[in-house]
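*Asks:* Return atomic coordinates for the entry below.
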Amino acid sequence: MSLPDFPDGGPATGTGAAWATLLTTSTLLNASPEGHLSGGLAIAWTVSEERDQLELRIRPDALFADGRRIMAEDVVASASHARQLYRESPEAWRWEHVESVEAAPDNVVRVSLSAPDASIPALLASFRLPILPAAWLTRGWDHERGPYPPASGCFQLLSASDDRLRFGRNDGYFQVGRPRLAGVLGNAPAGTMLRTTDLVTNGADLLIDAPLLDVPMLREDPGMTLVGGPTNRLCLLTVNLQNPVMADVRLRRLLASAIDRPALVRGATASEAVPASTLIPPEHWAGLDDMIDLADVEDVRAGLAELGLPPGIELRLVASATDASLANACVLLQEQLAWAGIALSLDLLDASEMRAELAGGRWDLAMSYTGYWRDPHELVRPLVVSDGSRNAGGYANDRVDYLAELARRASDDAYRAGFYQTIQRVVAGDVPVIPLFFPNYYDAMSTRLRDYPFFPPISAAAMHQATMPRPDPVTLP
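*Replies:* The predicted structure is shown next:
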């Protein structure tokens, strides 16, 4: 198995770290292949009439890998640990309405909220709240050398090094007969080309989060299988509204209309994405089926002249250097906007440099991906609410803040949809961010790996039922 990154004991930020976390830990709720939430470690869950309290009953057959029953006290300790782990991260907002997590009689976990929050079930199904034994959380462990806490998930982490993670089957896992594999070896993170080469040359059987530019090649290989499809992850431009030039909404609208999104998708992702004009995919219950019309380059140039901006106006674009599709999209965007009279200078930065640039304000546009989400509040709250942790451009709109609060408190999806659709219309007019495309997601595998269904990323649930044929017995001469 090839992972794009390894867990390091801190907040899981990459796909690989999150995926490895979910191999060894279970979550209170699970997401189905269609994205619907249902019971995981919690066999049943209820919400109070005021919607400020959730109660979750832990399965009586849920065991850690050492045979000890998973108790409500373990969940309470895990919730406290997760909250502390993400306290200084951009994900800290997820706990902003969680007042307490307590153990109640009959192995029930009670989550009390300061106000209704429709995104809490998504947190309970997330890799950000893995369930670990309370005793281990109290005393701690060596994250590099182990031994490691008994797993609540389908596999137990046996050893970890810079170049390999070794997992064994958790025979006490509550799903009878699962997992079907005896174990998993995780290869060290490597460059994009090396990961795909490792799969094609039989160095790995499974490639988590296959690079999109390699998908056409993998699709043509008869020895490979691709499992995946469209997602709600969004590639977008964030606009630095603190810059006097970018503070003019007329320029932002011109910029948004000058981008040929289908061409961007073809060149940057090998057509493995869907052009985006809104924050949420149109087919989602909170989606909006609006389009940003592509403007003629001469019209864009004329619009710039009307704003008193000279031909070849210079803007600075920054982006992460870790994703090839992102780098390709930046270069293609440079070319597109050059024809329209906008000169982009491009800086591809590592993670620490990117954080410093976004905080320092010496940029005009930043290209990035949002995370995957299960509830639209997970996207809207950090991205376009005034104090959002991903609101790097400094966007502030009282109406958006108010609508996001109403959507968070509402219970009915059809009712919530109206709020999120209105938010998207307001954002489309203000242009603090410019949607570009929704990239597909794929896991790639050799044909030796079978029975591997597609679950919404990020999820390791497919590994519960994945199988491989037994090797032929060795015949001695």
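*Asks:* domains for the chain, by residue range?
*Replies:* In the domain annotation for the chain, the residue ranges read 26-138, 155-230+441-464, 235-439 (automatic domain parsing).
*Asks:* Relative to the whole chain's centre, how far out is the shortest one?
*Replies:* To tie it back to what came earlier, the one meant is domain 155-230+441-464. Distance of domain 155-230+441-464 from the chain centroid (C-alpha atoms, centre = their mean, to the nearest Å) equals 17 Å.
*Asks:* now the end-to-end length of that domain.
*Replies:* End-to-end distance of domain 155-230+441-464 (C-alpha to C-alpha, to the nearest Å): 9 Å.
*Asks:* What average pLDDT does that domain get?
*Replies:* Averaging pLDDT along domain 155-230+441-464 yields 89.
*Asks:* would you list the domains of the chain in TSV and tack on mean neighbour count?
*Replies:* The C-beta positions use only the backbone N, C-alpha and C, and glycine is treated the same way. Formatted as TSV, the domains of the chain follow (neighbours: other C-beta atoms under 10 Å):
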stretch	mean neighbour count
domain 26-138	18
domain 155-230+441-464	18
domain 235-439	18
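*Asks:* can you list those in TSV and add distance to G14?
*Replies:* Compiled in TSV, these are given as follows (distance: least, C-beta to C-beta, whole Å):
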stretch	distance to G14
domain 26-138	11
domain 155-230+441-464	9
domain 235-439	9
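*Asks:* Of all the ones you listed, which one comes closest to A17?
*Replies:* domain 26-138 (8.4 Å; C-beta to C-beta).
*Asks:* Centre of the chain to that closest one, how far?
*Replies:* Distance of domain 26-138 from the chain centroid (C-alpha atoms, centre = their mean) equals 19 Å.
*Asks:* which one of the domains of the chain has the lowest average pLDDT?
*Replies:* For those, mean pLDDT drops lowest on domain 155-230+441-464, to a mean of 89.
*Asks:* so which of the domains of the chain gets nearest S2?
*Replies:* domain 155-230+441-464 (4.4 Å).
*Asks:* coming back round to it: show me the one of the domains of the chain that comes nearest D8.
*Replies:* Closest to D8 of the domains of the chain is domain 155-230+441-464 (C-beta to C-beta; 9.7 Å).
*Asks:* where along the stretch 1-150 of the chain do the strands fall?
*Replies:* 29-31, 37-39, 42-47, 53-58, 98-104, 108-113 (DSSP state E, counting those that start in this stretch).
*Asks:* Dump those to JSON lines, plus distance to P147.
*Replies:* Converted to JSON lines, the strands of the stretch 1-150 of the chain look like this (distance: least, C-beta to C-beta, whole Å):
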{"stretch": "strand 29-31", "distance to P147": "27"}
{"stretch": "strand 37-39", "distance to P147": "30"}
{"stretch": "strand 42-47", "distance to P147": "28"}
{"stretch": "strand 53-58", "distance to P147": "25"}
{"stretch": "strand 98-104", "distance to P147": "26"}
{"stretch": "strand 108-113", "distance to P147": "27"}
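*Asks:* who wins for proximity to S126 among those?
*Replies:* Among these, strand 29-31 sits nearest to S126 (C-beta to C-beta), with 8.8 Å.
*Asks:* which other residues reach the closest one?
*Replies:* Here strand 29-31 makes contact (C-beta atoms under 8 Å, 6 or more residues apart in numbering) with 37-40, 42, 45, 121, 124-125, 374, 455-456, 459, 461.
*Asks:* Pipe those into TSV and attach distance to D364 per row.
*Replies:* TSV is the format used below for the contacts of strand 29-31 (distance: C-beta to C-beta, whole Å):
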residue	distance to D364
L37	39
S38	44
G39	47
G40	44
A42	46
W45	46
P121	38
L124	39
A125	37
R374	32
F455	38
P456	34
S459	36
A461	41
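*Asks:* and which of the residues you listed is nearest F438?
*Replies:* When those are compared against F438 (criterion: C-beta to C-beta), the nearest one is P456, at 13.1 Å.
*Asks:* For V274, find the nearest of the strands of the stretch 1-150 of the chain.
*Replies:* Taking the strands of the stretch 1-150 of the chain one by one with C-beta to C-beta, strand 29-31 is closest: 20.8 Å.
*Asks:* Skip ahead from the lengthiest helix in the chain and say which helix or strand is next.
*Replies:* Ranked by residue count, the top helix of the chain under DSSP state H comes out as helix 413-430. Using DSSP states H and E, the helix or strand that follows helix 413-430 in sequence is strand 433-439.
*Asks:* and which of the contacts of strand 29-31 is nearest L279?
*Replies:* Nearest to L279 among the contacts of strand 29-31, counting by C-beta to C-beta, is R374 at 15.1 Å.
*Asks:* Correct me if wrong: L317 contacts S368.
*Replies:* No: applying C-beta atoms under 8 Å as the test, L317 and S368 come out as separate, 11.0 Å apart.
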